[in-house]
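what shape does this take:
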Amino acid sequence: MIFVLVFIIAVPLSVELFGSMYAVFDAWRHPESRAAAVERLAIPLMVWGFLWWWIGAEAWYVLAAAWAVVLICHIAVFYGARWLIRRPDTQTIAIDTDADPE
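Purely as a prediction, here's the structure:
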């Protein structure tokens, strides 16, 4: 039961970790934004460490499974959105209503 609870907590935490890591990567070229991005990463890492301590090192696969589920979902959504954007039959036609009718 504890493994299921940790997995349920670890999935949204993994989403937050991915977001924080992307924020650090995005802010790397902007020195004024680096500190805020690293601060955003600190809390999810502390919670992740607490979960690791709580579940025990021998059950690392539960946290790794949550991380893998989030990564697979992230990749599927990324490529699915790219595929939908490139399909012409899913595109809408933009009509300029501000244009002069003449």
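
and the closest residue to Trp28 other than its chain neighbours, how many neighbours?
Of all residues not flanking Trp28 in the chain, Arg34 sits nearest, at 6.7 Å (C-beta to C-beta, 6 or more residues apart in numbering). Every residue, glycine included, has its C-beta placed from N, CA and C. Using other C-beta atoms under 10 Å, Arg34 has 14 other residues around it.

quick one, what contacts Arg34?
Arg34 sits next to Val24, Ala27, Trp28 when contact means C-beta atoms under 8 Å, 6 or more residues apart in numbering.

and the residues you listed as TSV, adding neighbour count and distance to Ile85?
Putting the contacts of Arg34 into TSV (neighbours: other C-beta atoms under 10 Å; distance: C-beta to C-beta, whole Å) gives the following:
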residue	neighbour count	distance to Ile85
Val24	16	27
Ala27	17	26
Trp28	11	27
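
for Glu16, give me its contacts.
Pro44 are the contacts of Glu16 under C-beta under 8 Å, 6+ apart.

re the thing from before, which one of the contacts of Arg34 sits closest to Leu13?
Val24 (16.4 Å; C-beta to C-beta).

quick one on the thing from earlier: want to throw the contacts of Arg34 into CSV with secondary structure?
As requested, the contacts of Arg34 are exported to CSV (DSSP: H, G, I helix; E, B strand; the rest coil):
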residue, secondary structure
Val24, helix
Ala27, helix
Trp28, coil
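
where in this protein is pLDDT low?
Applying pLDDT under 70 to the chain picks out residues 96, 99-102.

out of the contacts of Arg34, who's nearest Met46?
Val24 (15.5 Å).

strands of the protein, start to end?
Taking DSSP state E, the chain contains no strands at all.

helices of that one, residue ranges please.
Along the chain, counting by DSSP state H, helices occupy 2-27, 31-55, 60-86.

minimum distance to Ala94: which of these has it?
That would be helix 60-86 among the helices of the chain, by C-beta to C-beta, at 14.5 Å.

and the closest one, how far from the chain's centre?
What separates the centre of helix 60-86 from the centre of its chain is 9 Å, taken as C-alpha atoms, centre = their mean, to the nearest Å.
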